[in-house]
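Enquirer: using only what follows, build the 3D model:
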Amino acid sequence: MELKIRKHGETYIIDIAGEMDLYNSYKLKELVMKMIEKKVERFIVNLEAVGYIDSSGIGALIYLCSTIKKMNLKLCIANVRGPVKKVIELTKLSGYFPICANIEEAVRKLDA
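Expert: The predicted structure is shown next:
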């Protein structure tokens, strides 16, 4: 799994590439916690290049959602497709995660 950060105005976009699994999903949690320490308030998690996610990856997303909600910060998960979308639907978490179709929609939602 590879993580890249880019900025769009006040929003930070975390691009994830590869597999989100037991061996690397902790990296995403660590990255976001460091960003929160640096007072980042708006996050978009871009799953466009993620081809596989297991329960640890889902757990990392749940952790991020609950932590960011508790701190009154903003989060959107964008570009959920293919096998990742299927896992999120099977786990009935579509309604729990703030999902947007793409980055542009996520930016608009966070700016509103």
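Enquirer: from here on, just use CA atoms for contacts and neighbour counts.
Expert: Will do.
Enquirer: how much space is there between Asn72 and Gly82?
Expert: 30 Å (CA to CA, to the nearest Å).
Enquirer: please disregard the earlier target; I meant Ser94.
Expert: 14 Å.
Enquirer: counting contacts, what elements does the helix or strand encompassing Ala49 pack onto?
Expert: Applying DSSP states H and E as the criterion places Ala49 in strand 42-53. When contacts are defined as 3 or more CA pairs under 8 Å, 6 or more residues apart in numbering; DSSP states H and E, strand 42-53 sits against strand 11-20, strand 74-78, helix 82-90, helix 103-111.
Enquirer: quick one: name whatever helix or strand follows that strand.
Expert: Criterion used, DSSP H and E; the element after strand 42-53 is helix 55-70.
Enquirer: which of the residues in that next one are buried?
Expert: By neighbour count on 16 or more other CA atoms under 10 Å, the buried set for helix 55-70 is 56-61, 64-65, 67-68.
Enquirer: any idea of the angle that helix forms with strand 74-78?
Expert: Going by axes from the mean of the first three to the mean of the last three CA atoms, to 10 degrees, helix 55-70 is angled at 150 degrees with respect to strand 74-78.
Enquirer: how far off helix 82-90 does helix 55-70 point, in degrees?
Expert: 60 degrees.
Enquirer: what's helix 55-70 in contact with?
Expert: For helix 55-70, the external contacting residues (CA atoms under 8 Å, 6 or more residues apart in numbering) are 20-22, 25-26, 28-29, 32, 74-75, 88, 97.
Enquirer: which two among those are spaced furthest apart?
Expert: Greatest spatial distance among the contacts of helix 55-70 (CA to CA): Leu22 and Lys74, at 25.6 Å.
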